[in-house]
Every structure is written in C-alpha cells, then in structure tokens.
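K.L.:
heads up, no residue letters with this:
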C-alpha cells in the first residue's frame, strides 16, 4: 500500500530531476553491529559482529574479532561460539527448537551486549506460483500459506533469485489475516525490475519470528524518503548495539520458472 | 491564579463598559455597507465621524455597522480600500438606519491615486498579528501552474512559511501544519490541499476575504495553537447575472452569480476542474498513461434578506481528488462543508449570528487484486455557533457567544466486496466553548481588546479505551457506554491586546494569548499524506496549549503610501506530539501508544514593508525565527530544532503596471534550510546498507531561493465584457532547490554510498485565459 502511494507521488514528480550532491555530514563514534540467527534447522548458526563506518568511507565494515559470544537456552544449555573467520562466530552443537528461549551474550572491549529471542513454531508454505504484476509487466512470485488460528504470528519473507539473496526487508503480521489462508506477493524481483524468465529459480524462506525480532525488521524498513524524521531501527539487543538477534523457525520453497 | 486575574479584568471591563451610557441622550446610527455594483458586503468598511477626530467603527463580517453617539450634527464618512468615499452630514436626534453602497474606484495610472480609503487602519486598529489578503491582490502574483491561490500567497507574508516546495501547507510562527485552524465560511477544513498540496482547496474566484491571525486571534476563534485562517466566500451579485471563468493549461474554472430577488438575495456557484492527467496519457509507460490524477471542486452560496432585521445564508463546499493507476489501485479524498446562517438584529445595537455548521473529510483507498478491497477513513463535525455583537458606544463593543462541535472520527475500516474485514473503533468527542471579548477605547491614544474563551472538551464512548505503560503495552482496558464521558478537559484561554497610538501614523501594540488544541493530526511523512489521521484529546492525549506574548511597532509614512510593521513574539508550547521510533500511525487500534509528549518554544522577529499605491507596488517581508521541541525520549531530552525551523525567510513581491492593460509581476523568495536529520554513519545488516542517525534535526537542508515572473494582459475591458491573459514562469532562473535529500548505494560505484538531491520544479511555464461578462 505504502509503495502504491509512493508510486503515485512519483507521477507528480514528472517535473522532477535528481542529482548526486556532496554533503558535509557529521560523524558519530563507531557503533557495534550484531546480527545473530538461530534456526530450527541443522546448524551451525551464525553470529556476525562488525563496526559502523563514516558515510563517506567505502562499504567495507571492519570485523569485530576476539569477542566472547555465548548463546544459552531457558533449559540451561549453553555454548560459547567459535570465531571461524574474522567477526563470524558459529555454534557447533546448540539445537534450535521451537518454544525455547535463547539468550545471546556478546562481550567485547569491556562491554556486554545481550538479547533474548523465543523461537516460534514453524508455518509451512503450501505452494508458490506466478502471477502478473499489479504494476508493470513483470511476473511476481506469490506464496500461499495457512496462518495458524488463535495465535499472533509474525513473519519475515526472504527471497532468492537464482540463489542470489535479495536484500530488502519484508515482514508481515497476521493482524488482517488471522487464521486465514494467505497469499503473499514476493516483491523482491519486481522492486529491482528483475524480469523473471524461463529457467530462473526463485526460492522463498518464510521465517516465523518473535515480536521483538519482527519489530526490528519492521522499523528497519521505513526509509529516509518516507519518514520526515528518520530514526534507527528498534533493536532487540541492549546497550545501544545495532542489529538484531533472531531465533526463528523457517520453511522454504523453490519455483523454477516454466 | 491566571483564572482569577482574568475574571477580575473581565468584571472591571464590564463595569467600564456601562459607564459611558449614563449622561446625555444617545442615539444609534446603523446599517449595512455594500458594493454598489455587486451588492457584496464590504467587510471592515469604516464609518468615521469628523467631529470625533475621525474615530468611528467598522462593518462586521456581514457588512453591518452600528455606532452610538450623543445627539448632534455630524459629518460622517464611509470608506473602504479601493472604493470612493461617501460623506454625509447627518442630524442625529433619533436613531437612524443608513445603508451605503460604495462604488469601486477606477485605477488611474498617470496621476497619483488619491484613495479615499482609511489608510492607516493597520496603525489604529487594536488587533495585532493579523495579515489580511484581498483576493484582488492575488490576481497579479505569479504562482505554480498559474492557478492563483490564497494559501500560496499568504506564505509570502512574515511569520507564515511554506511547508515545502509548491505546498499549500504552511507553518505559522514555528507551529506545525495541523496547528492552523482553516475555516471556510465558519466550517473547519481538515485538509486544505489538492493534489498532494500543489493546489489548495480555495478557489480564488469564490473568495471574498482572507484573514490570518498569527496566534492572537480574538476570543471568538479557538481550537488550534498557531493560527486561524478565516476564509469567507463571496455572497454573489444581487444586482445582475454575471459569468466569469478561466481556461488554463491544467485547470479551468467557471463562476455564475446573480440575484435571487434583486437587492434582496443572491447566489453564486463556482466550479473548478484540473486535468493534469491529460499529459500522462502521452507517456509511453503503461503505469503512467493509465493513471488518473485530477480534482474538482464546487463552491455554492445563497443569501436572502427576509427583512431589515433578518437575513439567511446557505453556503457549501464540495471537493474531491482522484488518483489512480488503471483499475487496480486508486485513492480519492475530499472535504465537504456546509453552513446555514441566520443574521438577526435584536436592536440596532445588538447583532446576532447563528450558524449550523457541517464539515466532513474522508478518504477512500480502492485496491483490486482480483478481489476488491476498500479502506475508508473520515472525520465529521456537526456544530452550532452563536455570536453576539453589542455595539455599546463609539468607544466600546462587546462580543460574546458559544460554540459546540460534535466530532466523529472513523479512523479506518477495511471492507472487501461489501463485507467488513476489520475496522477500528469510531471515536466521538464534544467540543464546547463560550467566549466574551470587549473592545474598548480607553483614551484617544489607547485601545484595548481583552476577553477569554472557556473550553470544555470531552471524549465520549462507546468503546474500549486503553491505558498504556511506557513500552506501549496495554495496562488497563475500560469499556464505556455510548455518550459516556471518557475524559474531559477544561481550559480558560485569556487573550488581551493593547494598542498605544504614539501619533498619527505610529503605534505600538502588545498582546498575550493562550490557545488550546484538542484535535491533533498524526503525520510523520515529509510532505503530508491525504491518509494522515486526526485524533482527539483523550485519556492518553492531553490538549496542546500555547502561550504567546508579542510586541509590535507600526508605522505608515509618505501619506500612508508605505506601511511598515515589525513584531516580535515568544511562544511557549505544552503537550506537543512526536512519535516513537518506527511508530505505526495508520490502521493501529493502539495508535495512542505510539505517541510521545513534550514541550516546545518558538520565538522570532517579523518585518513587513508594503508599498500600497502607485505604478509599482508590492512588499518585502522578512522573518528571523527559531522553533524547538523537547522530548524526554528524543535527543537525550535536550531541545532540538523542529522540522519547520528555518532561520531566515525573505519574500519580495513586486507588481508593476507597464500600461493600463499590461501588468508585470515578480516574486522572489529566499529561505535558509529546514532542520533535517542526516546519517552520521553507516553499517550493514543482511547485505543491506543501513544508515545510522544520532541527533534529531541536527542538519540543514540547503538554502532555497526562487524567482517567479508573471504577466497579465487585459485584452478587452468594457462594462459588458472583460478578458485577459495571464502568463507565468515558476522558478525563472531554474535554481536546483532541494525537495528531498536521500541516501543510497552509489550506482556508479557500489562500494560507495552517495547523497541524492531531488528537485521538483524548474522553469515551469503556464498560461490561462480569463473572461468575465
């Protein structure tokens, strides 16, 4: 919906033009960025830790090495993760089980960062099919799934085109389709104007998140164009860390374009 | 404390008010003042008495005046800007009813125009912080797309700032755009913009009078913190049928007016339609050429004088915007208002007006993805307003009355093929106010206007009402029956203005006013969306309160050819609204949990120099200002500049009559940039580049400046037929003004990020053909 309105705004923008400008931006101190996932799948699960950089630097984000990264569960299981490459920490034995609550603890440079995430039960994708795009000529992949009744569900949808992960954030909750069979259009390819053609492979992950992880991705979507006062996403990690910790169930489906 | 003081002042005032009545026998002069050609009431036309050193009174909104004087022989002068003066000698030995018809003055170019109008009104009147605009002044000022527009033109006045390129939204003295009360014939207009703000809902052909009160409004107005924009529609010609219209590049308009019964009643109907989407049809992009993008609106008004003591008016506005892409997506929105008014003279000193007022703003989103779905939202007002004006003497006028409005808000409802999918609870509230205000000439030098408004606002059931903890979780739910009061707020809004006339042509004014606002617009987009939601004060949302003090110096010189004024103001704001990070404002039952409350302050200096007559006329306006907000949850609880904070703001308007038929005009505006939040760093999450923000509104948009040119060419002008062409060029030197600045991964080098500036309008030409017969 928001996107549709944005499109209509662009109609008015027929007179408009764009140019790249040089700005003298203020610089804030380096911030720590933590991205942690625990899946209900065979491991290993990964926690990635980097630092932020200045706006005018290139898109290379320094790894935070030598951190002590621990994930524990409400059943008392606990594991210290191993750093396999710079800033990337993995589990070796900790299982991802729906219903369990996971606690992430990162200790680095004298600071401790923690986050808690409870893994919801998985929701299965029933099917994936192609339909004509509402706008433009491209085809859109659509998934169909049954939203479980009497429980609040929060979803994140991730799309891969020919095994390339699309980097948009797509999250939804079941406020308007509680307990119903739901069709959800995967926008990734369309938004990037990728025309799907015969033989292309579209894979979709449907992650079931807990409310705090959902809130992170929802607030990360709002981009600076739409909001008058852009703000940082609401992270579920404490101590002002950026990023998220997400214990989620995931189901996957793949479509090869006929 | 303030309350007790106000009551004392009021009581003292009332005592003063009756004292002059004792003494010698007094009689009342009263009547109406109208335009001789069209029969339109001349609002604010003055009646002065030579023997009273040219003191007198002014006609009210309905052209009615009343002046009570001791018996005697007087030379009386009736005048109005741009009209010939009418002078009469009267013998006042009984109360007299005198109606005047003034005729318009022909403009002579070759000589100095001697206007008979009272030219020092701005110096002598008590009111301060008031900007008036004569729709006739509008016609030569160039605007975007050539559609002359009161909302664009008032933005060229001091203290009133544009909310963005081409926008009809405006900020007054540091207030937000929802802190302006916009009235059309007394009915609230909730969304005054068409086509995302590039046009306003006010059709200049249908408008008689525009006044903006910058926070010091008289006590009969209330409900918003920053300003009142009071727009009055034409009544229509009660002498003869007239037709006027215009055909332009993207819009056309037509107005028909005439008598219902000659000299007793008249009507006017004015319609407009834009067809901006015609150009989209030329586009090869299938999304664009199937797009619908237009608006239309209709103003209608009728009035009828039943007899000398009674007159009724019926006025209405209906407007609609339509935006759509093919059959799959569409959104339409619009306002409708209606006012039924009854003027009654209880005596020749006591004037009464009773109004029944209706207002509606709604939008509807249509989505057709196989199944049809609609989302609707609406705010509706049903109101009654009673105003009395008691013209006690030549020194003293008392105004009092009440106003009640019942608000109904439908925040959002989704339906699919006629079955309701989900809808948010409708909200009801009742806004009551009583007011009293006294204008008093304390001496020849000192005038005062003081009074107060007393408001009582109740949020009403039915429904479930929630209270929240600091994390926005529901703490308690209470269910209320229909009509049951959920929360009531009582406020006193004292207002006072003093004018000290130093000598003819020089005066100093000072004012204090409190304003209270109980309806709040939730909007966190850069440009304002038609889908922004209004909410009322509630158990969670307290009324917004402002206290403003201002001081001004007014001076006219060169025989009132030049008018100069300067005002300084300081404003304190309570219970201001901002939003939590990532707040969900649309379609959220718990929207009140997404709001933050804080305070604010605004202060500034305004200067205005106007040349009123001659071949070259126009004005220069300058504003130096600051507006800041403070929220515990934002910026570590420190003050930060509000988005509309802009340090310098300059407007220059020049209108030059080349010949009798050719008028050249130009406006130039310069402003320093708005406050804005730019990233102070970047990082990556799941392959996506994210921007890091620290201090709120710590950056500035680039300076904005623009020159617009206009040319009006009167082709034919006779008593029977008039036609003219207007041409305009918006942003004539094509400066790249930043509408938005956004950040993205560089397209040329994906390992970098870049800032991108979007410019909306450069060199936008337009023309229109106007006629009148």
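P.N.:
Arrived safely, thanks for sending. All values reported here derive from a predicted model rather than from experimental measurement.

K.L.:
switch to C-alpha atoms for all contacts and neighbour counts from now on
P.N.:
Will do.

K.L.:
show me the helices in the chain, by range?
P.N.:
Picked chain A for this. A:2-12, A:188-191, A:211-221 (DSSP state H).

K.L.:
that's the wrong chain, I wanted chain B
P.N.:
Per DSSP H, chain B has helices spanning B:2-18, B:121-124, B:135-138, B:150-154, B:286-289. These are given in chain order.

K.L.:
stretch A:194-211 near chain B at all?
P.N.:
No. Stretch A:194-211 does not reach chain B (Cα under 8 Å from any Cα of the partner chain); its nearest approach is 12.5 Å.

K.L.:
may I see the buried residues of that stretch?
P.N.:
The neighbour-count check on stretch A:194-211 (16 or more other Cα atoms under 10 Å in any protein chain shown) flags A:196, A:201, A:202, A:203, A:204, A:205, A:206, A:207, A:208, A:209, A:210, A:211 as buried.

K.L.:
poorly predicted segments of the stretch 151-300 of chain B, please.
P.N.:
Residue ranges of the stretch 151-300 of chain B with pLDDT under 70: B:283-288.

K.L.:
again, but for the stretch 1-150 of chain A
P.N.:
Applying pLDDT under 70 to the stretch 1-150 of chain A flags residues A:1-15, A:133-137.

K.L.:
let's see 80
P.N.:
Where the stretch 1-150 of chain A drops to pLDDT under 80, the residues are A:1-16, A:132-139.

K.L.:
re earlier: now tabulate the buried residues of stretch A:194-211 in TSV and tack on pLDDT.
P.N.:
Written out in TSV, the entries for the buried residues of stretch A:194-211 read as follows (pLDDT from 0 to 100):
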residue	pLDDT
A:196	79
A:201	91
A:202	91
A:203	93
A:204	94
A:205	95
A:206	96
A:207	96
A:208	97
A:209	96
A:210	95
A:211	95
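
K.L.:
between these, which is nearest chain B?
P.N.:
residue A:211 (12.5 Å; Cα to the nearest Cα).

K.L.:
please verify my assumption that that closest one contacts residue A:155.
P.N.:
No. In this structure residue A:211 lies outside contact range of residue A:155 using Cα atoms under 8 Å: 9.4 Å.

K.L.:
please name every helix or strand in contact with the longest strand anywhere in chain B.
P.N.:
Of all the segments assigned as strand in chain B under DSSP state E, the longest by residue count is strand B:371-393. Using 3 or more Cα pairs under 8 Å, 6 or more residues apart in numbering or on different chains; DSSP states H and E as the contact definition, the elements that strand B:371-393 packs against are strand B:64-70, strand B:350-369, strand B:396-416.

K.L.:
domain ranges for chain B?
P.N.:
Domain ranges of chain B: B:2-118, B:231-772, per automatic domain parsing.

K.L.:
I'd like the average pLDDT over the first one.
P.N.:
The pLDDT scores in domain B:2-118 average 76.

K.L.:
quick check: residues of the stretch 351-500 of chain B near chain A?
P.N.:
Taking Cα under 8 Å from any Cα as the test, the list of the stretch 351-500 of chain B residues beside chain A reads B:369, B:421, B:422.

K.L.:
buried subset of those?
P.N.:
Neighbour-count burial within these applies to residue B:422; the criterion is 16+ other Cα under 10 Å.

K.L.:
now the residues of the stretch 351-500 of chain B next to chain A as JSON lines including distance to residue B:727?
P.N.:
Formatted as JSON lines, the entries for these read as follows, by distance: Cα to Cα, whole Å:
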{"residue": "B:369", "distance to residue B:727": "44"}
{"residue": "B:421", "distance to residue B:727": "51"}
{"residue": "B:422", "distance to residue B:727": "50"}
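
K.L.:
out of the residues of the stretch 351-500 of chain B next to chain A, who's nearest residue B:358?
P.N.:
Closest approach between those and residue B:358, by Cα to Cα: residue B:422, at 27.5 Å.

K.L.:
from residue A:73, how far off is the closest one?
P.N.:
Residue B:422 sits at a distance of 38 Å from residue A:73 (criterion: Cα to Cα, to the nearest Å).

K.L.:
try residue B:626
P.N.:
Per Cα to Cα, residue B:626 is found 53 Å from residue A:73.

K.L.:
then residue B:741?
P.N.:
Separation of residue B:741 from residue A:73 (Cα to Cα) stands at 45 Å.

K.L.:
for residue B:298, same thing?
P.N.:
As judged by Cα to Cα, residue B:298 and residue A:73 stand 66 Å apart.

K.L.:
next one: residue A:103
P.N.:
Residue A:103 sits 6 Å away from residue A:73 when distances are taken as Cα to Cα.

K.L.:
need the contact list for residue B:96.
P.N.:
Residue B:96 sits next to B:27, B:28, B:29, B:30 when contact means Cα atoms under 8 Å, 6 or more residues apart in numbering or on different chains.

K.L.:
repeat for residue B:635
P.N.:
Residue B:635 sits in contact with B:694, B:695, B:696, where contact means Cα under 8 Å, 6+ apart.

K.L.:
of these, which ones also sit close to chain A?
P.N.:
The overlap between these and the neighbours of chain A (Cα under 8 Å from any Cα) comes to B:694, B:696.

K.L.:
buried residues, stretch B:594-604. List them.
P.N.:
By 16+ other Cα under 10 Å, the buried positions in stretch B:594-604 come out as B:594, B:595, B:596, B:597, B:598, B:599, B:600, B:601, B:602, B:603, B:604.

K.L.:
now pLDDT and distance to residue B:282 too, for the residues you listed, in a markdown table please.
P.N.:
As requested, these are exported to a markdown table (pLDDT from 0 to 100; distance: Cα to Cα, whole Å):
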| residue | pLDDT | distance to residue B:282 |
| --- | --- | --- |
| B:594 | 90 | 44 |
| B:595 | 92 | 44 |
| B:596 | 93 | 47 |
| B:597 | 95 | 48 |
| B:598 | 96 | 49 |
| B:599 | 96 | 50 |
| B:600 | 97 | 49 |
| B:601 | 97 | 49 |
| B:602 | 97 | 48 |
| B:603 | 97 | 49 |
| B:604 | 97 | 48 |
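
K.L.:
who in the stretch 51-200 of chain A is up against chain B?
P.N.:
Counting by Cα under 8 Å from any Cα, the stretch 51-200 of chain A comes close to chain B at A:51-61, A:134-136, A:167-168, A:176.

K.L.:
could you turn the buried ones of these into a PyMOL selection?
P.N.:
Buried members of these, defined by 16+ other Cα under 10 Å, are picked up in PyMOL with:
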select buried, chain A and resi 51+52+53+54+55+56+59+61+134+135+168
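
K.L.:
so which of the residues of the stretch 51-200 of chain A next to chain B are in strands?
P.N.:
Cross-referencing those against strands under DSSP E gives residue A:51.
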